[in-house]
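Visitor: Sequence and computational prediction follow.
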2 protein chains.
Amino acid sequence: MANNVEITILLDFYGEMLTEKQRDFLSYYYNDDLSLSEIAENEGISRQGVRDAIKRAETLLYDMESKLGFAKKLQDIKDTLGQIMECAESINAYNLDHGLSREINETTVRIKSLALDIIE
Amino acid sequence: MANNVEITILLDFYGEMLTEKQRDFLSYYYNDDLSLSEIAENEGISRQGVRDAIKRAETLLYDMESKLGFAKKLQDIKDTLGQIMECAESINAYNLDHGLSREINETTVRIKSLALDIIE
């Protein structure tokens, strides 16, 4: 089957565009680590039926990311925010080392807090 | 019809999920400001056909934003980055006023540049 981490991320982003059943199957398989046979038994359908449904749902997720690219875009934004936090930290360290200004320190803390709000 | 600015934004975000025809019709109507009758004449279909196609495409766009919320999420991120840039500017101004450190100034410039990369 597909890459576990990728599918979990794409399911977070695009899950609402799938049917409830598709979301459930992917979640049983990738998040709860149930086997195809276990899902088939719980749902009262064939193992092949579960496999096909999961494959279809995965294709939809990959197709949406390929068209919309939001998972990649948000990851890029988070990477940039990481760099912004490092900049704020370096100002903070320099400022402390040289005993310069409380105001500057407080503002670097605020920058880091704003960036973290988005990253988390 | 729907809100012009909203549709233009949603078309940017989710346009790739529409058919080429749907994208074209919305773009003629909202970006190029053609009338329904003008589009109908260019496409050789009825005015009502154009109207229905645009309505369906708009519904799809609003439905995707309601389920996925990426337009709102990215706007929130941009607002927060605006606040981060203000923080960097305030450190920069304080630093210049008090003749403190070239290193701090250069780092605030870098923060603003990183934030702008995402906003633009």
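Guide: Arrived safely. Numbers count the residues shown, from 1 in each chain, chains lettered A, B, ... in the order given.

Visitor: Report the buried residues of the helix or strand containing residue A:114.
Guide: Using DSSP states H and E, residue A:114 sits within helix A:102-119. Neighbour-count burial for helix A:102-119, counted by 16 or more other CB atoms under 10 Å in any protein chain shown, picks out A:104-105, A:107-108, A:110-112, A:114-115, A:118. C-beta here means a position set from N, CA and C on the backbone, and glycine is covered the same way.

Visitor: roughly how far out does it sit from the chain middle?
Guide: A distance of 23 Å separates the centroid of the chain from that of helix A:102-119, by CA atoms, centre = their mean, to the nearest Å.

Visitor: what's next to it, contact-wise?
Guide: A:77-78, A:81-82, A:84-85, A:88-89, A:91-92, A:95-96, B:77, B:80, B:83-84, B:87-88, B:90-91, B:94-95, B:100, B:104, B:111 (CB atoms under 8 Å, 6 or more residues apart in numbering or on different chains).

Visitor: how about 6 Å then?
Guide: Contacting residues not belonging to helix A:102-119 are listed as A:78, A:81, A:84-85, A:88, A:91-92, A:95, B:77, B:80, B:83-84, B:87, B:90-91, B:94 [CB atoms under 6 Å, 6 or more residues apart in numbering or on different chains].

Visitor: Also stretch A:89-99?
Guide: Contacts of stretch A:89-99 (CB under 6 Å, 6+ apart): A:104-105, A:108, B:103-104, B:107.

Visitor: Just the buried residues of the contacts of helix A:102-119.
Guide: Buried positions within the contacts of helix A:102-119, assessed by neighbour count (16+ other CB under 10 Å), are A:81, A:84-85, A:88, A:91-92, A:95, B:77, B:80, B:84, B:87, B:91, B:94.

Visitor: So which of the residues you listed belong to helices?
Guide: Here DSSP state H is the test, and the buried ones among the contacts of helix A:102-119 give A:81, A:84-85, A:88, A:91-92, A:95, B:77, B:80, B:84, B:87, B:91, B:94 as lying in helices.

Visitor: among these, which two are most distant?
Guide: A:95 and B:77 (26.9 Å; CB to CB).
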